[in-house]
Structures are given as C-alpha cells and as structure tokens.
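1. Fold the following, please.
(one chain, ligands or ions: 1)
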Amino acid sequence: MSLCTDPLHIALPEWLVLLVASQGPCVSDRERMQFVVQLAAENVERGTGGPFGAAVFDETTGRLVAAGVNLVEPANNAALHAEVVALMFAQRAVGSFTLSSPPLATAHMLATSCAPCAMCLGAVHWSGVTRVLIGASREDATAIGFDEGPVFPESLRYLEARGIRFTDGVEREAARAVLQRFCDLKRPLYNG
Ligand SMILES: [Zn+2]
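-> Numbers count the residues shown, from 1 in each chain. This is a model prediction of the structure:
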C-alpha cells in the first residue's frame, strides 16, 4: 500500500449531470423531494452508488443549486453520502464555504431522500443551510441494515436552536421504496 497525495477528484455520474442540466425550479416541498427520490432511484437502477439522493435549492425560488447521490462504493470514499456530495457541489457553485444568507444574497435548503446520518447532520450544521427536507426516516434506513450512527433527539434540537428547520416524512413511501429496491437487488450494504 503506497502513500497517496494525489488531488481528490469527485465525479458525479454522467446521467446526473445530464439530468440536472435540464431541471427547472422546484417550487414546492413535494417537487423538491420527488426530485431527490428520483436521483436515489436512478442511482440504484444505474448501479452508480447507494440508494440516496440529495439536492440544494435556493429556499425562496426553488432554483436547483447542486445535486448529489451516494458515491461511497464507486469512489471508495466513506464520506461521499448524497448530502455531503450535494453540499460540496453547492458550495463550489456559489463560491463560498457557507450557504447561509448573509453573506449570500439568498438562503439555501437541503432536500435529502433519507434522514441524515451522524456525519451528514454534522455537515448540515456547518454548511449554512437553513432548512432540511427529509423523505425516508432513520428507521427506514436502519430497517434494511444501514447504520445511521449516533443521531439523537438532542442532536436535532441543537441544530434547530441554531436556526435550522427540519421537515420530515415528505414523500416518505416513495423514498422508502428506493431503499427497499436496493435491498431486493441484494446490493452490498456499507456503513451508511
Ligand atoms: Zn450520511
């Protein structure tokens, strides 16, 4: 095993790049969730990663800022959960390490097809988003064997106290069905 000091390169799947290029604004919570559930489903069907999708939107207009899918297995990178990927590409897109307003002119929100794990909740905290929209629940993910890590009610309250609003259960059944599909296909489970 040799030491690696090469730059890290994170490539989004080609199908996602094409899909987001033609995506118009998603005005409602339902539209935003349907979009990220579609990402999760495509990621499973095309075999490009785990059953999770996420996207960052301009909270007011619903303009899509960035999208991500779970890339843990293809990229050999445990940090590349859909939420982290979407947040990283969003910050790249706006040219700032924070998505908050101020300093940006507009506030941003994250939509994720499944409740954030411990790592992603941390990423949410530092990202500057002011709202998180959640599809499938933590219980839905753990039911098929994913480990969501140490997320406690206190963790959510901590973020809420700092101005981050959570809305869960949006299109939950559709989001849960993608998890089940991944399980039915007997795709390998990794940590989460
Ligand atoms: Zn995660």
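2. C-alpha only now, for contacts and for neighbours.
-> Fine.
3. Any chance of the backbone angles for Ser155?
-> phi -60, psi -50 (degrees, to the nearest 10).
4. Read off the pLDDT value for Asp147.
-> pLDDT recorded at Asp147 is 88.
5. For burial, what's the neighbour tally of it?
-> The number of residues packed near Asp147 is 17, by other CA atoms under 10 Å.
6. for Arg46, same thing?
-> Per other CA under 10 Å, the neighbour tally for Arg46 reads 10.
7. Kindly report the same for Gly47.
-> Neighbour count of Gly47, defined by other CA under 10 Å: 13.
8. what does Arg92 give?
-> Residues near Arg92, counting by other CA under 10 Å, number 14.
9. name the element it belongs to?
-> If you go by DSSP states H and E, Arg92 is part of helix 82-94.
10. could you give me the average pLDDT of that helix?
-> On average, helix 82-94 scores 98.
11. Just the buried residues of the lengthiest helix in the chain, please?
-> Using DSSP state H, we find that the single longest helix of the chain is helix 29-45. In terms of neighbour count (16 or more other CA atoms under 10 Å), helix 29-45 has its buried residues at 29, 32-45.
12. Now do that helix and helix 82-94, the angle between them.
-> 110 degrees (axes from the mean of the first three to the mean of the last three CA atoms, to 10 degrees).
13. for helix 29-45, packing partners?
-> If you count contacts as 3 or more CA pairs under 8 Å, 6 or more residues apart in numbering; DSSP states H and E, helix 29-45 packs onto strand 53-58, strand 64-69, strand 108-114, strand 131-136, helix 172-184.
14. So which of those is nearest the ion?
-> Using CA to the ion as the measure, strand 108-114 is the one of the helices and strands packed on helix 29-45 that comes nearest the ion, at 8.7 Å.
15. ok now the helix or strand following the closest one, how far from the chain's centre?
-> Once the chain leaves strand 108-114, the next helix or strand it forms, by DSSP H and E, is helix 118-127. Helix 118-127 has its C-alpha centroid displaced from the chain centroid by 11 Å (CA atoms, centre = their mean, to the nearest Å).
16. thinking again about what came up before, what's the most buried one of the helices and strands packed on helix 29-45?
-> Mean neighbour counts were compared across the helices and strands packed on helix 29-45 using mean count of other CA atoms under 10 Å; the top stretch is strand 108-114, at a mean of 31.
17. so what's Cys114 up against?
-> By CA atoms under 8 Å, 6 or more residues apart in numbering, the contact set of Cys114 is Phe52, Gly53, Ile134, Gly135, Ala136, Ser137, Arg138, Ala141, Ala175.
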